[in-house]
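In: I would like to see how this sequence folds:
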Amino acid sequence: MTKERKYILIIGAILLLLGAIYRFFPELQEFQPLGEEIALKQRKLVKYQQMVQEKSRLNARLLLLNRNLDRAESSLLNGETQALAAVDIQNILNDIAGRSEVEVTAMRVLKSRELGEDSPARDRYISIPVRITISATIRQLKEVLYRIENSLKFLRVSDMRIKTDRVREAKKVRSTLTVEGLMKKKDKGLPKK
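Out: Model prediction:
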């Protein structure tokens, strides 16, 4: 045999051996000690048992979170439509103005808007703004702001402008407040229950 044929024969044998190892490798693994595999399966079993034990705790937590969400959503605006929700805000503001003995000179419903891009509740809620202009003393204005912030409905003052004619003689100031409330978006396409 020539030297070239010996090299070809050796290379062929090596390739044949590598092919056999590749083909029968899964069967060769069965001959390895099973201790590692048993330990791995035991760890998986313990992990699954912990998950099953956590299920009741997680269900209780979910129930609590749903209850808290329902309680928080009860402070959202009432109404099937955005217009009815705006009427709800107007009624609340009129009541607050009446109790604070403040003169309401103008009230206007603004265009509703989506919540900010970074808000996780963007897909669930919509903001309904109402602009109110009042004539009041500083004390009355403070009382109005306090009552808005502590209303049963979730309201916030998003913009406030205060004007006065003469600073020294001003007993009353004219204030323009933008008050926003949240309402739950209605599911479109889903049948009502």
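In: show me the shaky parts of this protein.
Out: For the chain, the stretches with pLDDT under 70 are 26-35, 116, 121, 166-170, 187-193.
In: residue nearest the centroid of it?
Out: residue 120 (2.8 Å; C-alpha atoms, centre = their mean).
In: that residue and residue 112: what is the separation?
Out: To residue 112, residue 120 is 19 Å away according to C-beta to C-beta, to the nearest Å. C-beta coordinates here come from the backbone N, C-alpha and C atoms, glycine included.
In: repeat for residue 64
Out: For residue 64, the distance to residue 112 - C-beta to C-beta - is 31 Å.
In: check which helix or strand the residue nearest to the centre of the chain maps to.
Out: Element membership for residue 120, per DSSP states H and E: none, as it lies in no helix or strand.
In: who has more neighbours, residue 64 and residue 112?
Out: Each of residue 64 and residue 112 has its neighbours counted (other C-beta atoms under 10 Å); residue 112 has more, 15 against 10.
In: I'd like to know how far that one sits from residue 4.
Out: Between residue 112 and residue 4 the computed distance is 86 Å (C-beta to C-beta).
In: same check, this time on residue 19
Out: Using C-beta to C-beta, residue 19 is found at 22 Å from residue 4.
In: quick one: the helices in this protein?
Out: Secondary structure of the chain (DSSP state H): helices at 3-29, 35-73, 82-99, 138-149.
In: for stretch 41-55, which positions count as buried?
Out: Residues of stretch 41-55 include none that count as buried (16 or more other C-beta atoms under 10 Å).
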